[in-house]
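Novice: give the three-dimensional model of this entry:
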Amino acid sequence: MKIDIHDLTNKSEVTFKGEQAVSLLGLNLSSNAKSCLVSITGTVAKKGNRYLVRGNIASTIKLLCDRCTSEFEYPIHAELYKEFSTDFIKEDEDIIHVTKSNIDLSDVIAEAVYLSVPMKCLCREDCKGMCNVCGINANEHTCNCQDADIDPRLEKLKNIFRPQSEE
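Specialist: Here you go, the predicted structure:
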């Protein structure tokens, strides 16, 4: 999404609204989602030779749960806040230098989406995951498997928190 900064010659603030496709390939998601459509609203304010962009983005992406491997939709809501300047300022790395007559928000929007994706994707907080014996989704079905595979060297640790009978 590009914003023409010539619109700010007569005004101190310009509002914008639109949609942009953001590539999800850099996220290494386990789902097959390659991109998502992001809705963007915000304002650009001019203060001297600086342009302050504030806004909100909203989208929904498909993720795979890390516990039960089922696909679910995850809502993304993030705030945009970035400064742009027509003067090159070497000391301030947070301000993006603008050389043309427009501000390109593509990288800022993609960064906001990337930072909104959780590191651990869960379909819900109380997800039970998968049975490690038969592999069924424990959220949808119950199984009769018993997790009896205990390493014989660690068998005595099984009763460490149970009170022992006095002899």
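Novice: sheet partners, orientation included, of the helix or strand of the chain with the lowest mean pLDDT?
Specialist: The weakest-scoring helix or strand in the chain, judged by mean pLDDT, DSSP states H and E, is strand 95-97 (a mean of 76). Each strand paired with strand 95-97, and its direction, by DSSP bridges: strand 71-85 (parallel).
Novice: show me where the chain has helices.
Specialist: 106-116 (DSSP state H).
Novice: quick check, central residue of it?
Specialist: Val117 (1.5 Å; CA atoms, centre = their mean).
Novice: Ile76 pairs with what?
Specialist: Here Ile76 shows beta-bridge partners Ser59, assigned using DSSP bridges.
Novice: that one contacts Tyr114, doesn't it?
Specialist: No. Using CB atoms under 8 Å, Ile76 is not in contact with Tyr114; the gap is 10.0 Å. In this view, the C-beta of every residue, glycine as well, is placed from N, C-alpha and C.
Novice: in terms of neighbours, single out the busier of those two.
Specialist: Taking neighbours as other CB atoms under 10 Å, Ile76 and Tyr114 compare with Ile76 leading, 18 against 14.
Novice: count of neighbours near Phe161?
Specialist: Phe161: 6 neighbours (other CB under 10 Å).
Novice: any idea of the pLDDT on it?
Specialist: With respect to pLDDT, Phe161 has a value of 77.
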